[in-house]
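Student: How does the following fold in three dimensions:
(2 chains)
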Amino acid sequence: MVNYAVCTDEELMLHLTRGEALAFDVLYGRYSRKLLGYFVRMLNYDRERAEDALQDLFLKVVEHPESFDPARTFRPWIYALAYNTCKNYYKHNTLKKEAHQELMISGQDPDEEPFLKAARKLDSASFRKALEALLEELPIEKKEVFVLRYQENHSLLEIASITGCSEGTVKSRIHYTLRTLEEKLNVFNPIKD
Amino acid sequence: MDKNDDLEKMLHESMQWKEGEQPEPNPEIQQRIRARIQNPKQIMPRQEGLLSRILILLNLEIKLYQAVLSLGVFAVLMICFPAGSPVPKPGESVVLADSLKPNACSSAKENKFLIRNFVVKVN
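Tutor: Model prediction:
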């Protein structure tokens, strides 16, 4: 008798390839809420669409469990699938998808001082609201990186693996988002120090 | 470093779902996916010809050499034991005659019919 609850995600995927529905239940329990939260943010708070995306994603997992490479870790793999699901939604729906120009950074961290000054003028609720409004406007590839970093708490390396780009590009996209957010916060609070 | 830490903390906190805000998945989704595991989609079989279907039904696998060998044996049997030689009954005689060899085959448009072989029975 297998105790699925103590199995790793990778072991559960192995059980799933044998059609064991209990393995799916455990995986679903571990990831469904987090992934739904991810989809809700990625798909501009469209709850219905987010649930459709969640269902599509897990159907892909259970229909083709053999597509998971056991040599890889499960978490980046399922988030990469989730990202592709979102991209399909952007492709086939009227979600914003314009490409923004990448900001190039030359190795050094961006100057966070102006951003923090602008952010501190707001209470946390207003800051959050501004952040959510900004996320809705961001193109998918930048939003993806930001949500994975700050909502899903992935490392830069993991994000690079999920999105298939370099760590430098990941940093650049986060920096871009912070700069845009800073501008937005200054618009909300035009009185500068 | 502190500034960066502050910023990271602020962003992490802002991006987390607050109590009661975290979206909960509809339980039906899990049921639907579970049903798919228990009843996986049937893969449509390839379109097969009639012979292939019969062979599949009989679970036979005929190889080319087997087919050639069978044809050879059939041809030898046809030569050794030609069919169509009528056996006369007592008191009857049989005359076998060939018609003229036709120069051309009759077609549907022609109003004549070329007979290649026929048998005349004389009582």
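Student: Could you pull out the helices in chain A for me?
Tutor: A:9-17, A:21-42, A:47-63, A:74-92, A:113-120, A:124-137, A:140-146, A:156-163, A:167-188 (DSSP state H).
Student: Out of the ones you listed, the one nearest B:Gln22 is which?
Tutor: Nearest to B:Gln22 among those is helix A:21-42 (6.1 Å), distances taken as Cβ to Cβ. All C-beta atoms are positioned from the backbone trio N, CA, C, and that covers glycine.
Student: Just the angle for the closest one relative to helix A:124-137, thanks.
Tutor: Orientation of helix A:21-42 against helix A:124-137 (axes from the mean of the first three to the mean of the last three Cα atoms, to 10 degrees) gives an angle of 100 degrees.
Student: And helix A:21-42, what's buried?
Tutor: Within helix A:21-42, the residues scored as buried using 16 or more other Cβ atoms under 10 Å in any protein chain shown are A:21, A:23-28, A:30-42.
Student: Look at B:Asn26 and say how many residues are nearby.
Tutor: B:Asn26 has 16 neighbours, counted by other Cβ atoms under 10 Å in any protein chain shown.
Student: Tell me where the model's unsure across the chain.
Tutor: Using chain A. Counting by pLDDT under 70, chain A contains low-confidence ranges at A:93-122, A:186-193.
Student: look at chain B instead
Tutor: B:1-4, B:41-49, B:52, B:55-61, B:83-89, B:92-123.
Student: Just confirm B:Ser14 contacts A:Phe146, I think it does.
Tutor: No - using Cβ atoms under 8 Å, B:Ser14 is not in contact with A:Phe146; the gap is 10.9 Å.
Student: re the thing from before, for B:Ile54, which of the helices of chain A is the nearest?
Tutor: Closest to B:Ile54 of the helices of chain A is helix A:47-63 (Cβ to Cβ; 32.9 Å).
Student: Give me the contacts around that closest one.
Tutor: Residues from elsewhere that reach helix A:47-63 (Cβ atoms under 8 Å, 6 or more residues apart in numbering or on different chains): A:16, A:24, A:27-28, A:32, A:35-36, A:39-40, A:42-43, A:68, A:78, A:81-82, A:85-86, A:89, A:93, B:23, B:25-26, B:29, B:32-33, B:36-37, B:40-41.
Student: rewinding a little: when B:Ser14 and A:Phe146 are compared, which one has more neighbours?
Tutor: Comparing B:Ser14 with A:Phe146 by neighbour count (other Cβ under 10 Å), the higher total belongs to A:Phe146, at 25 against 18.
Student: Give me the nearest residue to that one, chain neighbours excluded.
Tutor: Closest residue to A:Phe146 apart from its sequence neighbours, by Cβ to Cβ, 6 or more residues apart in numbering or on different chains: A:Thr177 at 4.9 Å.
Student: One more: A:Asp69?
Tutor: A:Asp69's closest residue in space is A:Trp77 (Cβ to Cβ, 6+ apart), at 7.6 Å.
Student: Same check on A:Ser166?
Tutor: Leaving aside its chain neighbours, A:Ser166 sits nearest to A:Ala160 (6.0 Å; criterion: Cβ to Cβ, 6+ apart).
Student: count of residues packed around that neighbour?
Tutor: As a burial measure, A:Ala160 scores 19 neighbours (other Cβ under 10 Å).
Student: Who are the contact partners of it?
Tutor: Going by Cβ under 8 Å, 6+ apart, A:Ala160 touches A:166-167, A:169-170.
Student: ok, now with 7 Å
Tutor: A:Ala160 makes contact with A:166-167, A:170 under the criterion Cβ atoms under 7 Å, 6 or more residues apart in numbering or on different chains.
Student: among those, which ones are buried?
Tutor: Among the contacts of A:Ala160, those scoring as buried are A:Val170 (criterion: 16+ other Cβ under 10 Å).
Student: so of the helices of chain A, which one's packed in deepest?
Tutor: Most buried of those by mean neighbour count (mean count of other Cβ atoms under 10 Å in any protein chain shown) is helix A:140-146; its value is a mean of 23.
Student: who touches that one?
Tutor: By Cβ under 7 Å, 6+ apart, the residues outside helix A:140-146 that reach it are A:42, A:83, A:86-87, A:90, A:97, A:100, A:135, A:159, A:163, A:170, A:173-174, A:176-177.
Student: at 6 Å instead, please
Tutor: Helix A:140-146 has contacts (Cβ atoms under 6 Å, 6 or more residues apart in numbering or on different chains) with A:83, A:90, A:97, A:135, A:159, A:170, A:173-174, A:176-177.
Student: Kindly provide the distance from the closest residue to chain A within chain B to A:Arg149.
Tutor: Relative to chain A, the nearest point of chain B is B:Met15 (3.9 Å; Cβ to the nearest Cβ). B:Met15 sits 8 Å away from A:Arg149, going by Cβ to Cβ, to the nearest Å.
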